[in-house]
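In: sequence and computational prediction follow.
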Amino acid sequence: MKSVVSILAVGFVSVSAFAQSAKPRVSPPETVSGKIKQAKIIINYSSPSVKGRRIWGELVPYNQVWRAGANEATTFETDQDIKVQGKLLPAGKYSFFLIPKENMTWTAVFNKEPKQWGAFKYDEAKDQLRVEVSPKALKDIQENLVYKINSKGFSLNWEKASVPVSIK
């Protein structure tokens with residue numbers, strides 16, 4: 001009988017410890033999908049919040065590769081060849097990065113290595129495509145980073161900036 005009680009006690013402690021360690025992420029994972037012409041697009045990202053911080057040029061430095069979200073690198077997947085900003089991107093799954101710049105066009109990067117943590121091991125030699133994009137000012141602050149897909153492409157919206165990327 002003592003051994004049964006001991007086993008139950010160990011099991012209860014193990015389950016309680018596991019339940020306590022499963023905390024929600026500060027920047028929760030999100031997925032957005034849609035169709036542009038005939039291509040199915042899927043974007044997986046983690047959505048950080050502004051939390052009163054200045055984002056562009058501070059939290060996200062200018063002129064550096066940024067994972068375009070939080071945690072793991074954002075991924076962009078298309079089931080068909082598409083044209084991004086007028087340049088060919090073959091069907092496949094890519095990590096998506098941005099290089100923000102102050103008062104100029106930004107660089108959007110589709111990298112052939114989709115499984116990366118942040119941009120820490122980013123390798124420019126694995127870039128499939130780089131295109132220039134022009135951010136636009138948002139009227140109101142976008143607290144949580146969000147991607148939106150529409151018939152003309154997709155955009156990343158966060159803080160006071162919207163970064164549209166055209167797709168045909």
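Out: Structure's in. What do you need? Numbers count the residues shown, from 1 in each chain.

In: counting neighbours, which bits of stretch 35-48 end up buried?
Out: Buried positions in stretch 35-48, judged by neighbour count with 16 or more other CB atoms under 10 Å: 36, 39, 41, 43-48. Where you see a C-beta, it was placed from the backbone N, CA and C, and this is true even at glycine.

In: would you map the strands across this structure?
Out: Assigned by DSSP state E, the chain shows strands spanning 29-36, 39-46, 74-78, 82-84, 87-89, 92-99, 106-111, 127-133, 136-150, 153-166.

In: okay, the buried residues of stretch 35-48 in a markdown table with distance to P100 next?
Out: As requested, those are exported to a markdown table (distance: CB to CB, whole Å):
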| residue | distance to P100 |
| --- | --- |
| I36 | 24 |
| A39 | 26 |
| I41 | 22 |
| I43 | 18 |
| N44 | 21 |
| Y45 | 16 |
| S46 | 18 |
| S47 | 17 |
| P48 | 15 |
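
In: and the two most separated of those?
Out: The distance between the two most remote of the buried residues of stretch 35-48 (CB to CB) is 27.6 Å, for A39 and P48.

In: end to end on stretch 67-83, go ahead and measure it.
Out: Using CA to CA, to the nearest Å, one end of stretch 67-83 lies 22 Å from the other.

In: quick one: mean pLDDT over it.
Out: Average pLDDT, stretch 67-83: 95.

In: which parts of that stretch are buried?
Out: 67-78, 82.

In: same check, this time on stretch 148-155
Out: Quick answer for stretch 148-155 (16+ other CB under 10 Å): 149, 153-155.

In: try stretch 59-66
Out: For stretch 59-66, by 16+ other CB under 10 Å, it's 60, 65-66.

In: distance between it and the chain's centre?
Out: The chain centroid and the centroid of stretch 59-66 are separated by 14 Å under CA atoms, centre = their mean, to the nearest Å.

In: follow-up on the earlier one: tell me the one of the buried residues of stretch 35-48 nearest L89?
Out: Nearest to L89, judged by CB to CB, of the buried residues of stretch 35-48 is A39 at 9.7 Å.
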